[in-house]
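Enquirer: my questions are about this predicted structure, shown below with the sequence.
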Amino acid sequence: MSDKPESSKTQLEEDIIDPLFQKDFLSQLPQEVAYRIIAYLTPCDLTSGRIVIGYYHDCTLRIWNVDDAQLAFTLTGHMDDVLTSEVSDDGKYIVSGSSDQTVRVWCGQTGVQRHVLQGHTGTVRCMSLHGTTLVSGSVDATLRVWDIVDGKCLHIFTDHLEAVRCVQFDGIRVVSGAADFAVKIWNVQTGECLHTLTGHTDWIDSLLFEPERDLVVSRSHDATIRVWDIRGGTCIAIPISQESVNFYHMQLRRNSLVACYTCSDVGVWDIRDGGSCIHHLHLQGVNGHALNITSLQLLDSGLLVTSSNDGSVKLWDVDKGK
């Protein structure tokens, strides 16, 4: 993006963001879908009415008011691309990571920069925030644990051999995936590596963590998804293993794993018996998407919601495939 004054809008904002704000998009969706979206919002989300967007090319984050579609403030300070950000549950803090090798902590109400957290020696690619404790992962092959209130680094995890690409954190355990093909489980208090999960043959690009059942789902550039029982450090399912597959999104709901694994193919697998395929949907054609699927959500009812680069949101009956 070009360096424009804060008052002027980028083409992305004019073409994508503004049209979304010009109507109550929840009222346009099926009632069940709208309720599901609201159910995922915290009280802070509903009361503050703000959206945080990190801008890859101009090194800023912008905070938008949902009610009037106005820019609340812009977070400036990063010296290179902003790659990842998180907002605390209470809305008090915004944290961001950048190619400038820093993590920055901002006031969620005013946008004032509170801390510049330094120590990483490579791009900060991922982070996970729980309460006021943040875990950041970097191309320097380390993870750092931070107290974002006082800006102190509490621990440094150094067992990965290559760039850390994804991280999940439940307040007790940290799960990280890296370009060394490994998934690691850490105790956040002691810094001990509890398990190293091996089996992937290429870098890990995404993780799901369900701490209540001690389950981790890892997605890799080797075209596989693996489900792990982290109590024993064992792989319990490989739902999909194909050549030349690009994964776009995945979700675990109870014992069903749903993933979009090509531009338009969605699969549902049962993780209990090694990952047998329950459904396969090709979501193109007369009633399907015209362009790539970008995200999906499997509802409790069994219905599937998908969104696409074609600008549409669709609700699917998985059993009937329509």
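Expert: That came through, no problem.
Enquirer: got the domain boundaries for this structure?
Expert: With automatic domain parsing as the criterion, the domains of the chain are listed as 11-239, 246-322.
Enquirer: ok but Met79 is inside a strand, no?
Expert: No. Counting by DSSP: H, G, I helix; E, B strand; the rest coil, Met79 falls outside a strand, being coil.
Enquirer: the spatially closest residue to it that is not a sequence neighbour: what secondary structure?
Expert: Computed as Cβ to Cβ, 6 or more residues apart in numbering, the closest residue to Met79 that is not its neighbour in sequence is Asp100, at 4.2 Å. C-beta: built from backbone N, CA, C; applies to glycine. Secondary structure, three-state DSSP: Asp100 is coil.
Enquirer: for Asp100, the count of nearby residues, please.
Expert: For Asp100, the tally of surrounding residues (other Cβ atoms under 10 Å) stands at 20.
Enquirer: worst mean pLDDT among the domains of the chain?
Expert: Ranked by mean pLDDT, those bottom out at domain 246-322, with a mean of 78.
Enquirer: how far away from the center of its chain is that domain?
Expert: On the basis of Cα atoms, centre = their mean, to the nearest Å, domain 246-322 sits 17 Å off its chain's mean C-alpha point.
Enquirer: what residues are up against the residue nearest the centre of the chain?
Expert: The geometric centre of the chain, computed from its C-alpha atoms, lies nearest to Ser206 (Cα atoms, centre = their mean), at 8.0 Å. Applying Cβ atoms under 8 Å, 6 or more residues apart in numbering to Ser206 gives the contacts 166, 177, 218-219, 247, 250.
Enquirer: adding distance to His282, write those out as CSV.
Expert: Below are the contacts of Ser206 laid out as CSV (distance: Cβ to Cβ, whole Å):
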residue, distance to His282
Cys166, 28
Gly177, 29
Ser218, 25
Arg219, 20
Phe247, 16
Met250, 17
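Enquirer: save those residues as JSON lines, and put in distance to Val305, secondary structure and neighbour count too.
Expert: What follows is the contacts of Ser206, written out as JSON lines (distance: Cβ to Cβ, whole Å; DSSP: H, G, I helix; E, B strand; the rest coil; neighbours: other Cβ atoms under 10 Å):
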{"residue": "Cys166", "distance to Val305": "23", "secondary structure": "strand", "neighbour count": "23"}
{"residue": "Gly177", "distance to Val305": "26", "secondary structure": "strand", "neighbour count": "28"}
{"residue": "Ser218", "distance to Val305": "24", "secondary structure": "strand", "neighbour count": "26"}
{"residue": "Arg219", "distance to Val305": "20", "secondary structure": "strand", "neighbour count": "24"}
{"residue": "Phe247", "distance to Val305": "18", "secondary structure": "coil", "neighbour count": "18"}
{"residue": "Met250", "distance to Val305": "14", "secondary structure": "strand", "neighbour count": "22"}
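Enquirer: on that earlier part again, tell me how far the residue nearest to Met79 lies from Arg62.
Expert: Asp100 sits 18 Å away from Arg62, going by Cβ to Cβ, to the nearest Å.
Enquirer: what does Ile172 give?
Expert: Separation of Ile172 from Arg62 (Cβ to Cβ): 33 Å.
Enquirer: which one's more surrounded, the two?
Expert: Per other Cβ under 10 Å, whichever of Ile172 and Arg62 has more neighbours is Arg62, with 21 against 11.
Enquirer: what's next to whichever strand or helix holds the more buried one, contact-wise?
Expert: Assigned by DSSP states H and E, Arg62 belongs to strand 60-65. The contact list for strand 60-65 (Cβ under 8 Å, 6+ apart) reads 17, 21, 49-55, 70-76, 78, 82, 85, 94, 96, 106, 111.
Enquirer: look up how far Thr294 lies from the residue lying farthest from the centre of the chain.
Expert: Outermost residue of the chain with respect to the C-alpha centroid, by Cα atoms, centre = their mean, is Val286; its distance is 30.8 Å. For Val286, the distance to Thr294 (Cβ to Cβ) stands at 21 Å.
Enquirer: try Val174
Expert: Taking Cβ to Cβ as the measure, Val174 falls 28 Å from Thr294.
Enquirer: and these two? Which one has more around it.
Expert: More crowded of Val174 and Thr294, by other Cβ under 10 Å: Val174, with 27 against 15.
Enquirer: beta partners of the more buried one?
Expert: Phe169, Trp186 (DSSP bridges).
Enquirer: show me the contacts for it.
Expert: 128, 135, 143, 145, 157, 167-168, 185-186, 188.
Enquirer: and the helices in this structure?
Expert: According to DSSP state H, the chain carries its helices in the segments 11-12, 18-21, 25-28, 31-39, 43-48.
Enquirer: give the burial count for His130, as a bare number.
Expert: His130: 17 neighbours (other Cβ under 10 Å).
Enquirer: now do the same end-to-end measure for stretch 140-149.
Expert: 24 Å (Cα to Cα, to the nearest Å).
Enquirer: in it, what's buried?
Expert: By neighbour count on 16 or more other Cβ atoms under 10 Å, the buried set for stretch 140-149 is 140-148.
Enquirer: does Gly151 touch Gly119 like I think?
Expert: No. Counting by Cβ atoms under 8 Å, Gly151 sits too far from Gly119 to count as a contact (10.9 Å).
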